[in-house]
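> When you get a sec, could you give me coordinates for this:
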Amino acid sequence: MNVENVLYERFGFAAFRPGQRETIESVLSGQHTLSMLPTGTGKSLCYQLPACLLPGTVLIVSPLLSLMQDQVEQLKMRGEKRVIALNSFLQYEEKTAALANLSRYKFIFLSPEMLQLPHVIGALCPLTVSLFVVDEAHCISQWGYDFRPDYRLLGDVRHELGSPLTLALTATATEKVRQDIIEGLHLTEVKKWVFSVNRPNIALQVEMLQNQVDKHRRLIELVTFFKKPGIVYFSGRKATEEAVIQLKQAGIIRAAYYHGGMEADDRLLIQHQFLKGELDVVCATSAFGMGINKENVRFVIHYHMPPQIESYLQEIGRAGRDGNPSIAVLLYAYGDESRHEFIAEMEFPDDGQVRQLAEYSVSPRDIQPSLSETQERFAVHYKREANKKSLNAAVYMKEKRDHLLARKAEKRNEMVTWILSTNCRRANYMHLFNEKPIKQPHCCDCCRSIDLSIYKSESVSRRSEEQLNWRNMLAQLLPGK
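Below is the predicted model:
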């Protein structure tokens, strides 16, 4: 059976999206493959379709529990019962039973941290792994925007599993990050498929606002004006909840919030309602979006600036997956970047915590019960690495922490520079990925080529449209005022 037949009969699609065919045929020809496909082009198909034609088990390394669960549910909805995610959603008894019967499963999703557990590796080694998939592969690189320490160890994991055929997938990786991925996975003779990060159907707009009061007012105007559905991104959990209250008070009733502090069942409910068209707007942190395969999202608004351009491109890429006109708006007030400086510092243990963690061999949570999951991952990984190298653990962890904080500051500054620039926004971010800029209609606010009426909800009155355009013109004429 050829790939077109499988695409139609098993997945219900008549044609491939850009990059899918090339990636799939590369994998089926037995080549280790690195594919950089823009957000929204269906990266999951690149391993799900080959799995239909390959014997044995497919292992998928994924960084987020919500992303794993979404992929599992999608596969089950297509009739695939031989799928499991080994993560904290499973009860102890369920996990024990699953590890004892892994040969029953075609698709096994795991976190990189789970693959550091000897009993998990021991259960996986007897399997015939036909494909080892690393999703969000940019997490391997310290130069990537979402570096995850245990992703760096996946090359050793591959070796323990017999160096199976490997597929690395990402949406945003510079040339340096792509090289780090290849080296980190210990790959040789890799076929690379690199497609443009540009999504030409998404118009880009940045609006300079004076303060948070103006931001709240503008958010309500934009959400009221735009066609639905849409996503609004915030950098804090409390802000998502407050925004939903304000939107509902403004008459936008079908709005809900989503963040990592919610119970898993509540998060899954919001995802389900959004996918089924029961919600018009989701106000969310960055935890929402990965794996959310909804084609008709018409707008993405950033109430707070993202910490780096790569995550910005990931998040706006949730709009317009059907190819129809969509818009991304970023609301900026002077000093917004300081919020991410604080968030970055909270991701790592402070000097006192580092000293304590370095001195004891027990679990980090036994010493510091208040450690976040991110802080614990950092401590476990770099203490283990220091011990292997016979280095002072406290000094080593501080050096690594300070290096990563400096990288985050560099990325943050890059994002602010992009926001404040008066040059074409699309050309600026394409330049970062060594792509040639293109000219197109409905490009960005700097090109003065956006016709907002394209994105207007049918229920918007002429007066509301005039008000929105007037505020937009004022914001462009008086940036930062």
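
> Helix, strand, or coil at residue 344?
Look at residue 344: counting by DSSP: H, G, I helix; E, B strand; the rest coil, its state is helix.

> Sketch out the low-pLDDT regions of this structure for me.
Residue ranges of the chain with pLDDT under 70: 1, 142-146, 289-291, 362-368, 461-481.

> could you point out the longest helix in it?
helix 393-420 (DSSP state H).

> May I see the buried residues of that helix?
Along helix 393-420, these residues count as buried under the neighbour rule (16 or more other CB atoms under 10 Å): 393-394, 396-398, 400-401, 404, 407-408, 411-412, 414-416, 418-419. Any C-beta I mention is one placed from the backbone N, CA and C, and that applies to glycine too.

> Bridged to residue 299, which residues?
Going by DSSP bridges, residue 299 is paired in beta bridges with residue 230, residue 327.

> There's contact between it and residue 230 in this structure, I believe.
Yes - the pair residue 299 / residue 230 is scored as a contact, 3.9 Å apart, by CB atoms under 8 Å.

> okay, and the common contacts of those two?
residue 319 (CB atoms under 8 Å, 6 or more residues apart in numbering).

> separation between the nearest residue to residue 63 once chain neighbours are set aside and residue 71?
Of all residues not flanking residue 63 in the chain, residue 136 sits nearest, at 5.1 Å (CB to CB, 6 or more residues apart in numbering). According to CB to CB, to the nearest Å, residue 136 and residue 71 sit 12 Å apart.

> Report the set of residues contacting both of these two.
Common contact partners of residue 136 and residue 71 (CB under 8 Å, 6+ apart): residue 62.

> what's the neighbour count on residue 156?
A count of nearby residues for residue 156, using other CB atoms under 10 Å, gives 15.

> Contacts only, for residue 243.
So residue 243 contacts 216, 219, 232, 234, 257, 283, 303 (CB under 8 Å, 6+ apart).

> nearest to residue 328, of these?
The closest of the contacts of residue 243 to residue 328 turns out to be residue 232 (CB to CB; 11.2 Å).

> Can you tell me the element the closest one falls in?
Under the criterion of DSSP states H and E, residue 232 resides in strand 230-233.

> Dump that strand to PDB, restricted to CA.
Output in PDB follows, covering the C-alpha atoms of strand 230-233 (Å, rounded to 0.1, in the frame of the first residue of the first chain):
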ATOM      1  CA  GLY A 230      -9.400  32.700  19.100                       C
ATOM      2  CA  ILE A 231      -6.700  32.200  21.700                       C
ATOM      3  CA  VAL A 232      -5.400  34.900  24.100                       C
ATOM      4  CA  TYR A 233      -2.000  34.200  25.700                       C
END
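
> same for it, what does it pack against?
Judged by 3 or more CB pairs under 8 Å, 6 or more residues apart in numbering; DSSP states H and E, strand 230-233 is in contact with helix 212-225, strand 281-284, strand 299-302.

> Please tell me how far that strand is from the chain's geometric centre.
In terms of CA atoms, centre = their mean, to the nearest Å, the centre of strand 230-233 is set 14 Å apart from its chain centre.

> cool, stretch 308-326 as well?
So, by CA atoms, centre = their mean, the centroid of stretch 308-326 is 11 Å from its chain's centroid.

> How about stretch 105-114?
Relative to its parent chain, stretch 105-114 has a centroid offset of 18 Å by CA atoms, centre = their mean.

> show me what contacts residue 307?
For residue 307, the contacting residues are 145, 235, 340, 343, 344, 408, 411, 412, 415, by CB under 8 Å, 6+ apart.

> correct me, but the third one touches residue 414?
No - if you go by CB under 8 Å, residue 340 and residue 414 don't touch, sitting 12.0 Å apart.

> quick one, helices of the stretch 101-250 of the chain?
Ranges of helices in the stretch 101-250 of the chain, per DSSP state H, counting those that start in this stretch, are 118-124, 154-160, 175-184, 212-225, 237-249.

> In JSON lines: those, plus distance to residue 459.
Converted to JSON lines, these look like this (distance: least, CB to CB, whole Å):
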{"stretch": "helix 118-124", "distance to residue 459": "52"}
{"stretch": "helix 154-160", "distance to residue 459": "49"}
{"stretch": "helix 175-184", "distance to residue 459": "43"}
{"stretch": "helix 212-225", "distance to residue 459": "9"}
{"stretch": "helix 237-249", "distance to residue 459": "15"}
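
> Which one of those helices lies nearest to residue 327?
Closest to residue 327 of these is helix 212-225 (CB to CB; 9.1 Å).

> ok, for residue 392, nearest residue in space, not its chain neighbours?
Computed as CB to CB, 6+ apart, the closest residue to residue 392 that is not its neighbour in sequence is residue 386, at 7.0 Å.

> measure the one you found to residue 140 for me?
Residue 386 is 20 Å from residue 140, by CB to CB.

> the more surrounded of these two?
More crowded of residue 386 and residue 140, by other CB under 10 Å: residue 140, with 31 against 19.

> ok, that one to residue 280 distance?
Distance of residue 140 to residue 280, given as CB to CB: 37 Å.

> Check residue 139 too.
Per CB to CB, residue 139 is found 32 Å from residue 280.

> Please identify which of those two sits among more neighbours.
Using other CB under 10 Å, the more surrounded residue of residue 139 and residue 280 is residue 139, with 25 against 20.

> and the more buried one, what does it touch?
Contacts of residue 139 by CB under 8 Å, 6+ apart are 63, 112, 146, 147, 148, 151.

> next one: residue 303
When contacts are counted by CB under 8 Å, 6+ apart, residue 303 touches 215, 219, 232, 233, 234, 239, 243, 331.

> Switch these over to JSON lines, and while doing so, append distance to residue 124 to every line.
Compiled in JSON lines, the contacts of residue 303 are given as follows (distance: CB to CB, whole Å):
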{"residue": "215", "distance to residue 124": "48"}
{"residue": "219", "distance to residue 124": "47"}
{"residue": "232", "distance to residue 124": "40"}
{"residue": "233", "distance to residue 124": "36"}
{"residue": "234", "distance to residue 124": "38"}
{"residue": "239", "distance to residue 124": "41"}
{"residue": "243", "distance to residue 124": "43"}
{"residue": "331", "distance to residue 124": "46"}
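
> So of those residues, which two are at opposite extremes in space?
Top of the distance list for the contacts of residue 303 (CB to CB): 215 and 233, 12.9 Å.

> which of the two has more neighbours?
The neighbour comparison of residue 215 against residue 233 (other CB under 10 Å) goes to residue 233, with 26 against 19.

> Pull the number of nearby residues for the closest residue to residue 160 other than its chain neighbours.
Leaving aside its sequence neighbours, residue 160 sits nearest to residue 121 (CB to CB, 6+ apart; 5.6 Å). If you count neighbours by other CB under 10 Å, residue 121 ends up with 15.

> again, but for the one 3 residues further on
Using other CB under 10 Å, the number of residues around residue 124 comes to 21.
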